[in-house]
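*Asks:* Here's my sequence, what's the structure:
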Amino acid sequence: MTRQILLKSRPVGVPSVDNFSIREIELPQLASGQVRMTTHTMSVDPYMRGRMNDSPSYVAPFQVGEPIFGGGIGLITESRADGFEVGNYVMGFLPWQEELVMDAPGLRVVDETIAPLSYFLGILGMPGLTAYFGLLEIGKLNQGETVVISGAAGAVGIVAGQLAKIQGCRVVGIAGDDNKINYLRDELHFDVAINYKSTSDLEAAVTAACPSGVDVYFDNVGGAIGDAVISQINKFARIIICGQISLYNATSQPVGPRVQDILLKKSALMQGFIIGNYSERFPEGLSALAQLVSNGKLKYINTTYHGFEKLPEAFIALFEGKNLGKLIVEI
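*Replies:* Residues are numbered from 1 along each chain as shown. Predicted coordinates for the structure are as follows:
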């Protein structure tokens with residue numbers, strides 16, 4: 001027997017622990033081509049909120065009464081699959097479950113001697129790749145340009161900011177508390193970090209931080225923060241739409257400034273993307289990121305919760321701004 005966490009009900013607004021439930025299930029017998037493993041670490045990510053709604057998106061919604069799924073790492077305890085040995089750590093798209101039987105083709109062996117296991121869910125996983133390809137393919141950075149990043153202290157933002165610094169850009173990060181601001185400025189050496197919660201006029205703060213205007217905006221947040229930054233863009237600016245976490249729990253369609261006029265006058269590009277668009281190039285991105293990590297040019301940090309039962313609480317913490325860097329749960 002093992003335990004799994006289910007979507008009990010679809011949230012309206014911000015999710016609560018009441019939207020989740022735990023049940024026990026019996027594991028099936030191991031078949032050819034499968035592995036048995038214990039869950040080691042799970043990732044919680046903002047995109048999972050959209051999957052809790054019963055509405056069309058780029059990925060199918062979670063089903064009520066069925067387990068939540070997310071990126072995770074497990075330790076193989078039994079194997080009937082070639083290339084997967086007992087004692088291997090593997091990563092994949094896993095149910096929120098303590099022990100599980102999985103088909104091996106959906107898993108990838110990871111080497112914990114290269115980097116901490118959590119890195120494969122962060123800087124050497126989806127968040128790192130998101131920052132890498134967003135900046136490379138849409139941002140098309142040039143040395144000396146000004147790059148603004150919202151959600152700058154999150155899993156994607158801290159990688160995007162460091163990559164922009166490596167490319168010789170001026171980097172301005174926007175985050176929501178002084179601890180995050182200090183980390184961006186003192187540890188990652190962002191040129192300016194703005195606490196949007198303690199700033200009475202965010203547009204004025206962005207203007208002061210970007211005296212030459214904004215060339216690239218990496219948008220993880222949307223909403224009023226996006227409005228303030230986009231008002232300061234330069235001609236031929238590139239706006240990378242990566243996430244809209246400020247809107248994920250909205251119960252009605254928010255109305256803000258219409259940006260088309262600004263885009264027109266500035267000949268600017270605004271493009272959304274999901275990391276799956278670049279799946280064929282993941283080896284390229286991972287190789288580049290791993291090299292930067294190994295030579296000390298990229299730093300990373302996690303906010304870690306401990307225990308299987310903490311998964312819902314950790315997920316909800318994303319929308320309360322409690323994470324610095326990647327938020328993970330060690331099972």
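
*Asks:* Please make it C-alpha for all contacts and neighbour counts, starting now.
*Replies:* Noted.

*Asks:* who's Y89 bridged to?
*Replies:* Legend: beta-bridge partners of Y89 under DSSP bridges are L75, V110.

*Asks:* The one 5 residues further on now?
*Replies:* Counting by DSSP bridges, L94 is bridged to G70.

*Asks:* was I right about it contacting G70?
*Replies:* Yes. L94 lies in contact with G70 (C-alpha atoms under 8 Å); the separation is 5.5 Å.

*Asks:* So which of the two has more stuff around it?
*Replies:* L94 (21 against 17; other C-alpha atoms under 10 Å).

*Asks:* so what pLDDT did the more buried one get?
*Replies:* Looking at L94, its pLDDT is 97.

*Asks:* For it, which residues are in contact?
*Replies:* F69, G70, G71, G72, I73 (C-alpha atoms under 8 Å, 6 or more residues apart in numbering).

*Asks:* Surely G243 touches N220?
*Replies:* Yes. When contacts are counted by C-alpha under 8 Å, G243 is listed as touching N220 (4.1 Å).

*Asks:* which regions of the chain sit below the pLDDT cut-off?
*Replies:* Within the chain, the segments meeting pLDDT under 70 span 251.

*Asks:* residues making contact with the lengthiest helix in it?
*Replies:* As assigned by DSSP state H, the longest helix anywhere in the chain is helix 282-294. Identification of contacts with helix 282-294 by C-alpha under 8 Å, 6+ apart yields I123, L124, G125, G128, L129, Y132, F133, L298, K299.

*Asks:* Now, of those residues, which are buried?
*Replies:* I123, L124, G125, G128, L129, Y132, F133, L298 (16 or more other C-alpha atoms under 10 Å).

*Asks:* Need the three-state assignment for the second one.
*Replies:* L124 falls in the coil class when you classify it by DSSP: H, G, I helix; E, B strand; the rest coil.

*Asks:* Relative to D186, how far out is it?
*Replies:* 23 Å (C-alpha to C-alpha, to the nearest Å).

*Asks:* do the same with the third one
*Replies:* In this structure, G125 lies at 25 Å from D186, with C-alpha to C-alpha as the measure.

*Asks:* now the last one
*Replies:* L298 sits 14 Å away from D186 when distances are taken as C-alpha to C-alpha.

*Asks:* and the end-to-end length of stretch 79-86?
*Replies:* OK, stretch 79-86 end separation, C-alpha to C-alpha: 6 Å.

*Asks:* That stretch: which residues count as buried?
*Replies:* Quick answer for stretch 79-86 (16+ other C-alpha under 10 Å): S79, R80, F84, E85.

*Asks:* Which of those residues fall within strands?
*Replies:* When the buried residues of stretch 79-86 are checked against strands (DSSP state E), the matches are S79.

*Asks:* returning to that earlier point: out of the contacts of L94, who's nearest V109?
*Replies:* Checking those against V109 by C-alpha to C-alpha gives I73 as the nearest, at 9.3 Å.

*Asks:* quick one: what helix or strand has that closest one in it?
*Replies:* strand 69-79 (DSSP states H and E).

*Asks:* what residues does that strand touch?
*Replies:* Contacts of strand 69-79 (C-alpha under 8 Å, 6+ apart): 30, 33-45, 48, 84-96, 117, 121.

*Asks:* Ok, stretch 15-25 next?
*Replies:* By C-alpha under 8 Å, 6+ apart, stretch 15-25 touches 1-11, 249, 312-313, 316.

*Asks:* can you map out the helices along this protein?
*Replies:* For the chain, the helices defined by DSSP H occupy 47-50, 126-133, 157-166, 178-182, 202-209, 223-230, 260-266, 282-294, 311-318.

*Asks:* Would you mind giving the ones you listed as a markdown table with distance to R23 added?
*Replies:* As requested, the helices of the chain are arranged in a markdown table below (distance: least, C-alpha to C-alpha, whole Å):
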| stretch | distance to R23 |
| --- | --- |
| helix 47-50 | 20 |
| helix 126-133 | 29 |
| helix 157-166 | 35 |
| helix 178-182 | 37 |
| helix 202-209 | 46 |
| helix 223-230 | 37 |
| helix 260-266 | 49 |
| helix 282-294 | 35 |
| helix 311-318 | 14 |
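
*Asks:* Nearest to I274, out of those?
*Replies:* Nearest to I274, of the helices of the chain and by C-alpha to C-alpha, is helix 126-133 at 7.7 Å.

*Asks:* so what secondary structure elements neighbour the closest one?
*Replies:* Contacts defined by 3 or more C-alpha pairs under 8 Å, 6 or more residues apart in numbering; DSSP states H and E place helix 126-133 against helix 157-166, helix 282-294.

*Asks:* Nearest to F236 among the ones you listed would be which one?
*Replies:* Minimum separation from F236 across the helices and strands packed on helix 126-133 (C-alpha to C-alpha) falls at helix 157-166, 17.6 Å.

*Asks:* can you state the direction angle for that closest one and helix 126-133?
*Replies:* Using axes from the mean of the first three to the mean of the last three C-alpha atoms, to 10 degrees, the inter-axis angle of helix 157-166 relative to helix 126-133 is 30 degrees.
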